[in-house]
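Trainee: with the input below, show me the fold.
(one chain, ligands or ions: 2)
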Amino acid sequence: MSDITATKSELRRQLRAARRALPPATQHQARDRLSHTVTQLPDWHLLQRIGLYLAADGEIDPSLLAEQLLTEGKQVYLPVIQDDKTLQFGRWQGSADELIANRYGISEPRPESTRAATATLDCICLPLVAWSETGKRLGMGGGYYDRTLADLSGPLRVGLGYEMQREDALPGDAWDVDLDFVATEAALYRCRT
Ligand SMILES: Nc1nc2c(c(=O)[nH]1)N(C=O)[C@@H](CNc1ccc(C(=O)N[C@@H](CCC(=O)O)C(=O)O)cc1)CN2
Ligand SMILES: Nc1ncnc2c1ncn2[C@@H]1O[C@H](COP(=O)(O)OP(=O)(O)OP(=O)(O)O)[C@@H](O)[C@H]1O
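Mentor: Residues are numbered from 1 along each chain as shown. Ligands and ions are numbered 1, 2, ... in the order given. Now for the predicted structure:
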């Protein structure tokens, strides 16, 4: 195992435990505030096709945001894991019937759901374990988002996370994709590289 891989694993272990330990009231308040900070993205009202995720493992919860987008008539897509460890994005219209649990126990759109070519999404909101103001992201370790977004310049990449997940510096590998913005419960950050 490389030093970077070992450092990433240790950081993942600590921060995953820390976010799972947040009191439910804190998590709910963050969920409510997140829908304000994300909508401060430039030209937010012009974004029509948006990739979100369903919160797992203590992740900051974009469900209120999803509700808002669906009410406004926008298209919401969720990640569907593939055998080659990439993601497809499946349309979600807000009902549990459209979903089925994947091998990690995370609900995702059923196989028959409409898929969007990833490059045609206007914005992808990425779950994360840790983030930095320079736009570095540490994920759950599957490399799904990194593989899917490598060589793809279209969709705006917006990490969603708690303030407590911010790190001054993150161990980086060459394949890690950088974030354009990070939205937390407190603010929207434009990442400079
Ligand atoms: N909410 C959410 N959905 C998502 C992601 C995510 O990070 N968050 N993903 C982002 O990529 C993909 C799923 N990636 C995941 C990668 C690792 C684990 C995980 O818990 N791994 C276990 C090992 C379990 C096993 O291998 O069976 C672990 O680390 O303990 C979960 C999801 C697609 N959907
Ligand atoms: N573009 C890529 N091509 C091939 N392999 C990749 C690519 N990106 C990542 N990987 C592989 O995926 C594995 C996990 O990468 P990493 O630890 O950076 O995941 P992560 O960003 O935390 O996960 P995720 O994106 O799923 O949230 C690494 O072993 C790496 O070799």
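
Trainee: hey, what's residue 100 bridged with?
Mentor: residue 108 (DSSP bridges).

Trainee: list the contacts for it?
Mentor: Contacts for residue 100 (C-beta atoms under 8 Å, 6 or more residues apart in numbering) come out as 107, 108, 109, 110, 111. Any C-beta I mention is one placed from the backbone N, CA and C, and that applies to glycine too.

Trainee: ok, it to ligand 1 distance?
Mentor: 13 Å (C-beta to the nearest ligand atom, to the nearest Å).

Trainee: near ligand 1, which residues of the chain show up?
Mentor: Counting by C-beta under 6 Å from any ligand atom, the chain comes close to ligand 1 at 53-56, 59, 79, 81, 104, 106, 127, 139-142, 144-145.

Trainee: for ChimeraX, write the selection for the buried entries among those residues.
Mentor: Applied in ChimeraX, the following selects the buried portion of the residues of the chain next to ligand 1 according to 16 or more other C-beta atoms under 10 Å:
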select :53,54,55,59,79,81,106,127,139,140,144,145
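
Trainee: narrow the residues of the chain next to ligand 1 to those in strands?
Mentor: Under the assignment DSSP state E, these contribute 79, 81, 127 to strands.

Trainee: elements contacting the longest helix seen in the chain?
Mentor: If you go by DSSP state H, the chain has its longest helix at helix 3-20. Counting contacts by 3 or more C-beta pairs under 8 Å, 6 or more residues apart in numbering; DSSP states H and E, helix 3-20 packs against strand 130-131, strand 137-138.

Trainee: quick one: mean pLDDT for the first one?
Mentor: Meaning strand 130-131. On average, the pLDDT along strand 130-131 is 96.

Trainee: contacts for that strand, please.
Mentor: Contacts of strand 130-131 (C-beta under 8 Å, 6+ apart): 11-12, 15, 137-138, 159, 161, 165-167, 170, 179, 182.

Trainee: what's the closest of these to ligand 1?
Mentor: Closest approach between the contacts of strand 130-131 and ligand 1, by C-beta to the nearest ligand atom: residue 12, at 7.2 Å.
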